[in-house]
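Chemist: sharing a sequence plus its predicted fold:
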Amino acid sequence: MSLSLVAPSASGFAQAPASSAARPAAKSSARKPYQSGELQGDERILQALNRFSFGPRPGDLEAVRALGPGKAGLAGKTGLDRWFAQQLHPETINNADLEARLAEFPAMRDSTEDLLYRLPSGAVIRQAANGKAPIPQPAALHAIYTDEIARYQARQEKKQEKQQVAMNASVTPAQVPRSMNGMNTDQTNVAAAAESGQMMAPPADSDSEPAPPSESQIASILSLDSQARLNRLSAMPQPEFDAFRKALKGPQRASLSAGLNPAQKEFVAALEGPQRVINDELAAQRLTRDIYSNAQLQEVMTDFWLNHFNVYLHKNEETPYYLVSYERDVIRPRALGKFEDLLEATAHSPAMLLYLDNSSSMGPDSPAAEKTKIAAARHPDKKKAAPEGLNENYARELMELHTLGVNGGYTQADVTQVARVLTGWTVDKPQRGGGFKFDENRHEPGTKKVLGKKIKEHGEQEGRQLLHMLATRPATAKFVCRKLAVRFVGDDPPQALIDRMAKSYLHSGGDISAVLTTLYRSPEFWSAGDYRAKVKTPIEFIASAARAGNAQIDTMQPLVNALHDMGMPLYGAVPPTGYKWDAADWVSTGALVNRMNFALNFAANKLPGVTTTWTPQPGTLTTQIDNGVSQRTIAYSPAITAAMGPSSAPSPDTEEQRLEALLVAGGVSDSTRAAVLDQFQAQTQNAQTQNAQNQMNAKPLPVAAKPMNPAQTAKALEKQDQLLAGLLLGSPEFQRR
C-alpha cells in the first residue's frame, strides 16, 4: 500500500438547483449559500483533539460533543470551548488512573541527590571503589554498590590485560634478553610470542566466569516468596548474579518480578545496573504521561518545551539524574504559565548549566581567574591543567534558540557580554546531585552592555535582569510564537497569525495560556485546508497509535525502542536545536516503512508487554464522561452485531468500517480504504499459500478436518482484525494530525 503523505481534498461547494438554469439571466442574482472556509462540526472537534493532544482515544469525540453548551458563567460556550478551557487548567483534571500508573516508577519522585545515592552513577561508583566515598551500609544499597564496584574493577582488569597484551605484542626479539639466566616463565613466553609474531593471551581466570545455574537452581530461587527471593538475590556475589540473570528466559524473568512492589522491582533492576534504571524509568514515565494523561495539552506543551530547551541525555554521567528534576520540577509545572518564569527556571537548572557548559564558565577578571594567574606565575614549571575561562555556549543558545532567534538583532559582542553576565552561575558538587550555585569568585566584575542596555555589577541579579530583558523583547515574542504556530498549525504558518500571537504574548507578559487561547480563536487554526495536514513526529505517531488502540502497556521499552528506530529517541537530540517539527525531517521511504512495521507489530500484539484487543464480544456501546474525557468500552455496533448472526463472522469490509471508525477519527479516503482492503487480501492470500504449502509437506490427516469451533473462529477473526488495524494505523490519514 502506498504511504504517500497527501493533504485531504477540499470539500466541494453547494451547487445551485438544476431548475435555476431555466430562469432569465436578469433574475439569477440570488447569492449562493455562504460556506465558511473554517472547519465545522465534528471536524472542528477532531482538529482540536489532534493538535492539542497526542491523538483522540475511542470515545473522545463523543465526550467533547456531549459536554454541550455552556452552563452558568459559560453561556455561548460549546462543548469544545469547555474542553479547551479545562485543558488550560490541568490541576482541575482527574488523573487518578495516570497517577496509579506512575507509581510504577518510584525513582521519578526522588531528588537528584537521593537518586545518585540510591542508584549510583559511574562517577559515584569509581569514588567508592577508590575509597573516596563511603559504601552505604543498608543491605540493599550495599549489594547495589558492591556489585557495581565488582563490575567496574573487572572492566579495569580487562583494560589492563588488553594494554599488557598490546605491550607484549609490540616487543621484538632484540628487546628481549637472550640469556635464560634470571628469566621467569612469563618472560620466556613473552619472548617466544614475540619471536613467533603472535600475541600472548592473558592467563585464564577460572573464577571470573561462574557456570550458569541449572534449571533446578533457577526454579528453587523463583519459588521463594518475594522477601526471601530479594534476600537471596542481594546475597549473590556479582558474577553469580550476572550469570543467573543471563540464564533467565522470558517467562522466568516475569516470575522473578512476580509479587514484587514497584520499589522491589526497582531494586532487582538496580542490581543489574542502577544507571539503566534511571534511563528506563525516565523514558517510561514520559510515554506513560503522553499516552494515559487526561491533561493532554499539558503533556503536549511539556514535549514542546523539552524540545525548545533541549538537554541531551548523554551529555555526561549526571545528566540523566538531573533530567528527572528538569522535566518534573522545571518544565511540566510551567508548561502553560509565563514564559519568563520558565526561562529563568531553565537558566537556573543544573541540567541546562551542565549541558551547555555554563557551569564551567569563569570570568577572565574574576577573583578565581586572578588566583589562577598568581599561582601560575609563582610556579611556572608546574604542569598546568586545562585552563578555565569564559564559555559562550549557553549565552549563544540562550539568545539564538531560547529567546530572540537567529535574526533577533544581537551580535557576537552581545554573546560575549551575556556570557560575562552569567559567569558564576554553576552547579554545586554535580557528581553528588547538588543544585544551582552562584559563585561570586567566578563572576566577572564590572558593568556589561547587552543589546545596547547597561547591566550594572550586581552579582546574580545581573542574570535575572538579563533574562527579564530577553523574555520581554518583541523579537522573543515573535520567535516563540512562530515555533508554537509551526507545532500547532503548519510548517509555514501565516505571518498574520504569528503577529496576533506575539501581540497577545507581549500584552499578557508572556502568558503561554493566553497565547494558546489566541491561537485557538484564530481562523487560521480552523482552516479546512489544514485539517489533518501536519505530519506526526515519531513520538506523536506512537503515542497516538497507543491511544487510538486503547493499548494496555505493561512495559514501555518496545515503544522506546521503536522511537529510536524511527530516529527520535527520547532526550536523544544531541544539538541544542532539538528535533524539528517540519514534515521534511520525518518523511522518507525508510521512515514510512519503519512506521508501517511498527503499526503491524503493534496491532498484532507482537511487542512484548503491549496488548491490544480488536475483536471484543458483541455488546452495547457505553461511554462514561469524566472531566471531559471519555472512558469507552470497545464493542460491535448493533448493526454489525445483527449482521454477524449466530455463527457467521464479520466480513473484512464490515470490520474495516468498524476499525476505521475506532482508529482513524474522521475516516479515510475511498482510495485509502480500497488500498487497505487490497493489501489485506494480498497478505491473506500469501498466508494461505504458505499454510497450504506447509500442509502439503505435512503428513496427511487420517480423517477429514473438523469445522472450526467458536474459539478458532474468534482467533481467526482477531487475526483478521489485527491485520486491518495495523494497515489503518499505517495509513496516510493516521500519519497526519
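Modeler: It's in.

Chemist: and stretch 595-607, how far out from the chain middle?
Modeler: Once both centres are worked out by CA atoms, centre = their mean, to the nearest Å, stretch 595-607 turns out to sit 18 Å from its chain's centre.

Chemist: for T426, helix, strand, or coil?
Modeler: Local secondary structure at T426 is given as strand here, using DSSP: H, G, I helix; E, B strand; the rest coil.

Chemist: show me the contacts for it.
Modeler: L353, N358, S359, S360, S361, F436, K437, F438, D439, R442 (CB atoms under 8 Å, 6 or more residues apart in numbering). C-beta coordinates here come from the backbone N, C-alpha and C atoms, glycine included.

Chemist: cutoff 6 Å now
Modeler: By CB atoms under 6 Å, 6 or more residues apart in numbering, the residues touching T426 are S359, K437, D439.

Chemist: out of the residues you listed, who has the most neighbours?
Modeler: Compared across those, S359 has the highest neighbour count, 21 neighbours, by other CB atoms under 10 Å.

Chemist: the spatially closest residue to R332 that is not a sequence neighbour is in what secondary structure piece?
Modeler: The shortest distance from R332 to any non-neighbouring residue, by CB to CB, 6 or more residues apart in numbering, is to T302 (4.8 Å). Assigned by DSSP states H and E, T302 belongs to helix 296-308.

Chemist: contact partners of the helix or strand that comes right after that helix?
Modeler: The helix or strand immediately downstream of helix 296-308 is helix 319-325, counting by DSSP H and E. Contacts with helix 319-325, where a contact means CB under 6 Å, 6+ apart, come from M108, T112, L115, L116, I278, N279, L313, P350, A351.

Chemist: restricted to helices, list those.
Modeler: For those, membership in helices holds for T112, L115, L116, I278, N279, P350, A351, with DSSP state H as the criterion.

Chemist: quick one on the thing from earlier: can you add distance to P493 and pLDDT and give the contacts of helix 319-325 back as CSV?
Modeler: Rendered in CSV, the data for those read as follows (distance: CB to CB, whole Å; pLDDT from 0 to 100):
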residue, distance to P493, pLDDT
M108, 35, 98
T112, 38, 98
L115, 40, 98
L116, 43, 97
I278, 37, 98
N279, 35, 97
L313, 30, 97
P350, 34, 98
A351, 30, 98
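
Chemist: in CSV, list these along with neighbour count.
Modeler: As requested, the contacts of helix 319-325 are exported to CSV (neighbours: other CB atoms under 10 Å):
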residue, neighbour count
M108, 20
T112, 23
L115, 25
L116, 25
I278, 24
N279, 17
L313, 18
P350, 26
A351, 26
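
Chemist: quick check, nearest of the residues you listed to G259?
Modeler: Out of those, the one with the shortest distance to G259 is M108. That distance is 22.4 Å, counting by CB to CB.

Chemist: and the nearest residue to that closest one once chain neighbours are set aside, what does it touch?
Modeler: On the basis of CB to CB, 6+ apart, the spatially nearest residue to M108 that is not a chain neighbour turns out to be Q285, at 5.0 Å. With contacts defined as CB under 6 Å, 6+ apart, Q285 is in contact with L102, F105, M108.

Chemist: average model confidence for whichever helix in the chain runs longest?
Modeler: Ranked by residue count under DSSP H, the longest helix found in the chain is helix 139-170. Averaged across helix 139-170, pLDDT comes to 92.

Chemist: which helices and strands sit right next to that helix?
Modeler: Using 3 or more CB pairs under 6 Å, 6 or more residues apart in numbering; DSSP states H and E as the contact definition, the elements that helix 139-170 packs against are helix 122-129, helix 262-272.

Chemist: can you put those helices in TSV and add mean pLDDT and mean neighbour count?
Modeler: Output for the helices and strands packed on helix 139-170, formatted as TSV (pLDDT from 0 to 100; neighbours: other CB atoms under 10 Å):
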stretch	mean pLDDT	mean neighbour count
helix 122-129	96	19
helix 262-272	96	18
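
Chemist: quick revisit: ok, the contacts of helix 319-325 vs A716, which is closest?
Modeler: A716 lies nearest to N279 out of those, by CB to CB, at 40.7 Å.

Chemist: which ones are touching the closest one?
Modeler: Neighbour list for N279: P320 [criterion: CB under 6 Å, 6+ apart].

Chemist: now S255
Modeler: Contacts were defined as CB under 6 Å, 6+ apart; by that measure S255 touches L222.

Chemist: with pLDDT and secondary structure added, can I get the contacts of T426 in TSV?
Modeler: Supplementary listing: the contacts of T426 in TSV, determined by pLDDT from 0 to 100; DSSP: H, G, I helix; E, B strand; the rest coil:
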residue	pLDDT	secondary structure
S359	97	helix
K437	97	strand
D439	97	coil
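
Chemist: all helices of the stretch 401-550 of the chain, in order?
Modeler: Using DSSP state H, counting those that start in this stretch, the helices found in the stretch 401-550 of the chain span residues 412-421, 460-471, 474-488, 495-508, 512-520, 538-548.

Chemist: so where is the stretch 351-500 of the chain shaky, pLDDT-wise?
Modeler: Scanning the stretch 351-500 of the chain for pLDDT under 70 picks out the ranges 383-387.

Chemist: ditto for the chain
Modeler: Per-residue confidence of the chain (counting by pLDDT under 70) places the weak regions at 1-36, 69-76, 171-208, 383-387, 616-649, 687-714.

Chemist: report the separation between the residue sitting nearest the centre point of it and V560.
Modeler: For the chain, the residue lying nearest the average C-alpha position, counting by CA atoms, centre = their mean, turns out to be L570 (3.5 Å). When CB to CB, to the nearest Å is applied, the distance between L570 and V560 equals 7 Å.

Chemist: common neighbours of those two, please.
Modeler: Taking CB under 6 Å, 6+ apart as the contact criterion, the residues that touch both L570 and V560 are A283.

Chemist: which one is V418 nearest to, not counting chain neighbours?
Modeler: Of all residues beyond its chain neighbours, the one nearest V418 is A395 (3.9 Å), with distances taken as CB to CB, 6+ apart.

Chemist: show me where this structure has its strands.
Modeler: With strands called from DSSP state E, the chain shows them at 425-427, 436-438, 448-450, 453-455, 552-553, 610-611, 623-626, 629-632.

Chemist: count of residues packed around the closest residue to G55 other than its chain neighbours?
Modeler: Among residues not flanking G55 along the chain, S544 sits closest, at 2.9 Å (CB to CB, 6+ apart). The local packing of S544 (other CB under 10 Å) involves 25 other residues.

Chemist: what do you get for Y355?
Modeler: Close neighbours of Y355, defined as other CB under 10 Å, add up to 25.

Chemist: surely it is in contact with L313?
Modeler: No - using CB atoms under 6 Å, Y355 is not in contact with L313, being 9.7 Å away.

Chemist: now do the contacts for T518.
Modeler: R500, M501, S504.

Chemist: distance check, L119 against A269.
Modeler: L119 is 9 Å from A269, where distance means CB to CB.

Chemist: also R482?
Modeler: As judged by CB to CB, R482 and A269 stand 42 Å apart.

Chemist: then W526?
Modeler: If you measure W526 against A269 using CB to CB, the figure is 47 Å.

Chemist: got it, and S361?
Modeler: The gap separating S361 from A269 is 37 Å, by CB to CB.

Chemist: ok, back up a step: got TSV for the contacts of T518, with neighbour count and distance to E656 too?
Modeler: As requested, the contacts of T518 are arranged in TSV below (neighbours: other CB atoms under 10 Å; distance: CB to CB, whole Å):
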residue	neighbour count	distance to E656
R500	19	42
M501	28	41
S504	21	44
